[in-house]
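Novice: Okay, sequence plus prediction incoming.
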Amino acid sequence: MAPQNSPATSFAGMLAQGGMRAFSDVACVCHAWGEAVSAHFNTLGRRQFLTMAAGAAAGAMIGAGKANADPESEPALPQLTIYTARRIITMDDARPSATAIAVQAGRILSVGTLAEVEAALKGQTYVIDPRFAGKVLTPGLIEQHLHPVLAALSMSCEVIANDEWDLPDRTAPACETPDDYRTRLASAVNAVPGDTSFFASWGFHQYWHGELSRALLDGISATRPIAVWHRSCHEFYLNTAALNAFGITEEMTRGHGLASEQADWHRGHFFEKGLNLILAPLMAAFATPQRLVRGLTLLKTYMHRAGVTALNEPGAQIGPEQLALYQSVLGHADTPFTTTLIVDGRTMYERHRTDALARTREVIASASGGKVRFLDGQIKFFADGAIVSQKMQMRDGYTDGHRGEWMTEPENFKAAWQIYWDAGFNPHIHVNGDLGLDMVLDTLDAALARAPRDDHRTVIVHFANSTEEQVERIAQLKAVVSANPYYVPAFADAYGNWGLGPERADNMTRLGSCVRAGVPVSLHSDMPIGPARPLFNVWAAVNRKTVSGRIAGPDQRLSVHQALRAVTLDAAHSWRLDHEMGSLVPGKLANITVLEDDPEATAPEALKDIAIWGTIFEGRVFAVS
């Protein structure tokens with residue numbers, strides 16, 4: 001049975017004004033996905049794959065239609081252009097507000113009043129473009145952390161989730177009860193009588209949809225292979241037809257240590273590292289080039305509509321074919337944002353041990369420049385499990401007695417850390433539980449004692465559960481935080497009743513404490529689970545309003561200005577790209593988001609509803625279609 005007073009009951013209403021109505025974070029299994037996808041692509045002919053990728057760039061795989069059209073863009077002009085606006089929020093403490101900005105060749109030349117900017121140009125030839133005179137400009141919004149592969153695959157699935165998903169090509173209504181879930185799943189699976197092709201659905205969550213098992217799926221279809229992807233992206237359920245089709249035997253799931261403990265062949269349930277045992281055969285049916293091309297094209301449209309000008313995939317483990325796909329869609333000339341990648345250090349260490357560093361440098365060198373590129377000197381690690389499925393490692397356990405999970409065994413975590421730390425890499429660490437955070441901070445503390453480094457910018461990623469003492473320790477160690485602020489709106493009510501209890505649930509993502517302690521904070525969505533809309537995350541961090549309408553942990557709220565910094569300048573800071581983006585100052589890239597209203601003059605509850613006119617990306621104007 002689904003819990004009584006399900007938080008989904010009023011969830012769709014809370015997110016009434018569009019965008020992806022999502023509910024949590026994805027706890028970074030993208031490293032395994034990327035590796036499995038790349039392995040599958042290697043089985044295709046390279047010419048066949050690259051032909052499909054080239055077709056994607058032209059839109060051939062997605063078809064016509066305004067919902068998926070490329071953004072309306074204009075060429076970057078060599079001439080000097082001054083854009084005037086109702087207000088320009090610069091994120092520059094020396095000049096926080098302006099009304100004019102001069103741009104040339106993709107860079108910012110001057111910011112101030114129109115008179116000041118004209119004076120600064122010292123007689124140069126320029127044009128004044130007044131189209132934004134009634135609008136508000138901000139630094140280009142940044143999505144600090146998401147996963148294109150997972151987003152592409154989830155958007156191309158049959159979406160049956162507890163919340164409504166508003167996608168560029170369709171809307172998937174919320175599904176809030178076990179009966180409704182099973183009815184919709186059965187209807188989708190059996191829509192065409194006798195169909196035995198592979199079927200995939202995403203969005204299942206036991207809190208809303210009850211229990212799921214291989215036997216239940218067999219009851220829906222004994223002949224059509226079914227794969228149900230959990231809302232957390234950390235779990236899969238397969239029916240017998242799928243197990244047989246993919247050649248997954250019980251023997252294959254034995255003798256693999258922690259992975260075997262996280263695989264239940266009899267129930268058809270595979271989670272965390274147990275996914276590694278099934279991903280390779282699953283990818284042959286699930287991660288087809290056509291599905292990924294379609295999903296990435298939808299993602300491109302979605303991100304532009306959210307006003308994003310830069311995004312990052314941390315823990316990327318991709319091969320040449322997948323990189324070519326990224327470059328053909330996300331790196332296309334008319335894609336109005338940069339995609340950066342961070343190598344997955346966990347997989348590199350577990351695969352290559354002492355050769356991990358050399359292999360990492362080879363991967364970074366394979367795409368070190370351009371619109372889709374790896375960030376040099378940065379590395380991703382994984383501590384504990386997902387918050388969505390309550391697999392994070394907690395000091396005091398869970399109220400129902402279940403246990404958390406490690407994504408990396410602590411001894412491997414520390415060994416991999418030492419290799420990359422000693423080479424000067426900047427760690428980004430997925431961690432959700434306070435016990436997991438203890439391990440991360442202990443490892444950082446020991447590394448600093450052994451090999452001190454200034455400005456290491458170690459990034460604590462997700463930051464779901466912590467204590468006040470841990471926040472102070474983060475500050476003392478001079479780490480930074482990148483948090484998913486949507487944990488509180490999505491989970492505080494539910495986890496107050498199940499698993500964590502009210503006090504721990506209400507104090508998830510202690511952003512207010514971080515700011516008071518002087519810890520730089522950025523915000524992310526971890527898409528596909530959270531809505532990759534930076535203004536939505538600003539709303540979540542400023543309000544901390546739960547599904548039931550109450551404010552959880554009011555002292556952990558951010559001001560609007562602090563939250564805007566967290567999706568602009570402080571997000572760029574976490575990537576070591578704050579010299580290039582994140583604020584509107586002379587010399588930086590001309591990455592700008594154009595809003596219809598001023599976030600700092602908007603009622604806090606309306607922040608997520610501010611309309612986005614479009615963006616300026618490296619000097620080119622891209623209007624939202």
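Specialist: Done, it's in. Residues are numbered from 1 along each chain as shown.
Novice: the strands in the stretch 401-550 of the chain, which residues?
Specialist: Assignment of strands within the stretch 401-550 of the chain using DSSP state E, counting those that start in this stretch yields the ranges 426-431, 459-462, 480-483, 521-523.
Novice: got any ranges where the chain has weak pLDDT?
Specialist: Across the chain, the stretches falling below the confidence threshold (pLDDT under 70) are 1-78.
Novice: give me every residue that touches Gly518.
Specialist: Ala475 (C-beta atoms under 8 Å, 6 or more residues apart in numbering). (Each C-beta comes from the backbone N, C-alpha and C, glycine too.)
Novice: Now do it against Gln476, distance only.
Specialist: Using C-beta to C-beta, to the nearest Å, one obtains 10 Å as the distance from Gly518 to Gln476.
Novice: looking at the strands of the stretch 401-550 of the chain, which is closest to Val363?
Specialist: For those, distance to Val363 was read as C-beta to C-beta. The smallest value, 15.6 Å, belongs to strand 426-431.
Novice: Sheet partners, orientation included, of the closest one?
Specialist: strand 372-382 (parallel), strand 459-462 (parallel) (DSSP bridges).
Novice: Enumerate the positions of the first one that are buried.
Specialist: Looking back up the chat, that one is strand 372-382. Under the neighbour-count criterion of 16 or more other C-beta atoms under 10 Å, strand 372-382 has 372-375, 378-382 buried.
Novice: Likewise for stretch 573-593?
Specialist: Neighbour count says stretch 573-593 has 573-575, 577-578, 581-585, 588-593 buried, by 16+ other C-beta under 10 Å.
Novice: what does stretch 598-607 give?
Specialist: Judged by neighbour count (16+ other C-beta under 10 Å), stretch 598-607 contains these buried residues: 598-600, 602, 604, 607.
Novice: Pull the most distant pair out of those.
Specialist: Taking C-beta to C-beta as the measure, the buried residues of stretch 598-607 reach their widest spread between Asp598 and Pro604, a distance of 12.9 Å.
Novice: Which residue, other than its chain neighbours, is closest to Leu477?
Specialist: Counting by C-beta to C-beta, 6 or more residues apart in numbering, Leu444 is the residue found nearest to Leu477 once chain neighbours are left out, at 5.4 Å.
Novice: contacting residues around the one you found?
Specialist: Taking C-beta under 8 Å, 6+ apart as the definition, contacts of Leu444 comprise 427, 458, 477, 479.
Novice: and the closest residue to the first one other than its chain neighbours, what are its phi and psi?
Specialist: What that stands for is Pro427. Closest residue in space to Pro427, ignoring its immediate chain neighbours: Thr458 at 5.0 Å, by C-beta to C-beta, 6+ apart. The phi/psi pair for Thr458 (degrees, to the nearest 10) reads phi -60, psi 130.
Novice: Surely Thr458 and Ala479 touch.
Specialist: Yes. If you go by C-beta atoms under 8 Å, Thr458 and Ala479 touch, sitting 4.4 Å apart.
Novice: Look at those two and report which has more neighbours.
Specialist: Neighbours per residue, other C-beta atoms under 10 Å: of Thr458 and Ala479, the larger number sits with Thr458, 27 against 21.
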